[in-house]
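1. curious how this folds, go ahead:
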Amino acid sequence: MVSQEQRRRQLAREKFLRQQQRRTSARRKARMRNSVIASVLGVIVIGSVALYTTGVLKNNDDKANASSQTTPSASASPSKAPDPCAKAAAGSVQKLSWKKEPAMAIDTSAGYTMKLATTCGDIGIALKTSAAPHTVNSFDFLAAKGFFDHTKCHRLTTNGIYVLQCGDPTGTGSGGPGYTIPDENLKDKSLKGGVYPAGTVAMANTGQKHTGGSQFFLVYQDSQLPPSYTPFGTIDAAGMKVLKKIAAAGESTGQGDGAPNATVVINKATVTKS
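-> Below is the predicted model of the structure:
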């Protein structure tokens with residue numbers, strides 16, 4: 001017999017997948033519309049959307065992703081908690097885009113860590129280099145270019161799936177680096193019983209294979225998701241405290257999936273070889 005909790009999780013996953021499909025359809029229509037406009041004006045517009053999103057996750061959505069995947073909460077009206085985060089550092093998001101995935105430049109036999117210096121505190125992440133080399137190489141490349149600096153984490157889910165989604169320079173859930181990377185490490189030993197455990201960092205995507213870009217999600221509580229989102233890192237203890245502080249502040253819609261009430265901005269992202 002299916003328990004209420006199992007049914008709730010099943011409904012959350014189904015809602016998540018429906019939302020991702022709608023997002024993917026909307027992106028296709030937008031691309032078609034832009035193509036028509038470009039032909040009329042005689043201007044070639046090159047754009048790329050590797051959406052994610054939790055998204056989480058389908059580029060996310062969470063998960064995505066990571067990475068629009070959770071069931072509505074019982075409360076219909078949002079109750080906004082105080083913002084627990086500091087003011088963002090001076091600076092603005094860079095408009096960067098590339099046509100191809102960067103060439104492999106990391107040492108796949110070495111250890112790498114990523115530090116997200118956010119307005120809410122530092123989040124340290126041990127990267128799974130050998131298991132997800134394309135993903136780690138991409139993050140090393142993007143971080144070195146300042147791609148993530150001054151970007152907002154645009155999505156928080158608090159019902160059924162528990163993730164914070166980041167990595168979109170547009171802050172809309174539709175942005176990316178202009179290229180996609182392959183799915184990796186989908187049989188990671190940590191993914192047991194269809195659950196992405198708390199502390200996991202994974203890629204958001206469009207719901208299709210090999211559509212990860214720059215959006216990723218951070219899991220602050222065990223979340224049941226299909227093994228479709230590349231797990232490429234593990235959050236350290238200090239980072240988990242920061243993440244839970246962000247989650248405790250809630251999200252903006254009161255429905256369990258929206259912009260975080262906390263102003264989560266990545267002031268600086270760095271990847272370091274251990």
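
2. going forward, measure contacts and count neighbours with C-alpha atoms only.
-> Will do.

3. got the phi/psi numbers for residue 193?
-> The phi/psi pair for residue 193 (degrees, to the nearest 10) reads phi 70, psi 30.

4. how near is it to residue 142?
-> Between residue 193 and residue 142 the computed distance is 32 Å (Cα to Cα, to the nearest Å).

5. check residue 114 too.
-> In terms of Cα to Cα, residue 114 sits 12 Å off from residue 142.

6. check residue 176 too.
-> Counting by Cα to Cα, the gap between residue 176 and residue 142 amounts to 11 Å.

7. likewise residue 174?
-> 17 Å.

8. looking at residue 193 and residue 142, which is more packed in?
-> Ranked by neighbour count (other Cα atoms under 10 Å), residue 193 and residue 142 place residue 142 first, with 21 against 10.

9. spatially nearest residue to the more buried one, not counting backbone neighbours?
-> The spatial neighbour of residue 142 that comes closest, neighbours along the chain excluded (Cα to Cα, 6 or more residues apart in numbering), is residue 148 at 7.1 Å.

10. touching, that neighbour and residue 169? I think so.
-> Yes - proximity of residue 148 to residue 169 meets the contact threshold set by Cα atoms under 8 Å, at 6.9 Å.

11. okay, and the common contacts of those two?
-> By the contact definition Cα atoms under 8 Å, 6 or more residues apart in numbering, residue 148 and residue 169 are jointly contacted by residue 93.

12. ok so, going back, Three-state assignment for the residue nearest to residue 142, please.
-> coil (DSSP: H, G, I helix; E, B strand; the rest coil).

13. all helices for the stretch 101-250 of the chain, in order.
-> Here the stretch 101-250 of the chain has its helices, by DSSP state H, counting those that start in this stretch, at 133-144, 237-248.

14. nearest to residue 214, out of the ones you listed?
-> helix 133-144 (7.6 Å; Cα to Cα).

15. excluding its own residues, what touches that closest one? List them.
-> With contact meaning Cα under 8 Å, 6+ apart, helix 133-144 is reached by 101-102, 104-106, 108, 127-129, 148-149, 181-182, 184, 214, 232, 269-272.

16. CA atoms of it as CSV?
-> Taking C-alpha atoms only, helix 133-144 is exported to CSV below (Å, rounded to 0.1, in the frame of the first residue of the first chain):
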residue,chain,number,x,y,z
PRO,A,133,35.5,15.5,-15.1
HIS,A,134,33.6,17.4,-17.8
THR,A,135,31.5,19.1,-15.2
VAL,A,136,34.4,20.0,-12.9
ASN,A,137,36.4,21.2,-15.8
SER,A,138,33.5,23.4,-16.9
PHE,A,139,33.2,24.9,-13.4
ASP,A,140,36.9,25.5,-13.2
PHE,A,141,36.7,27.3,-16.5
LEU,A,142,33.6,29.4,-15.7
ALA,A,143,34.8,30.3,-12.2
ALA,A,144,38.2,31.5,-13.6
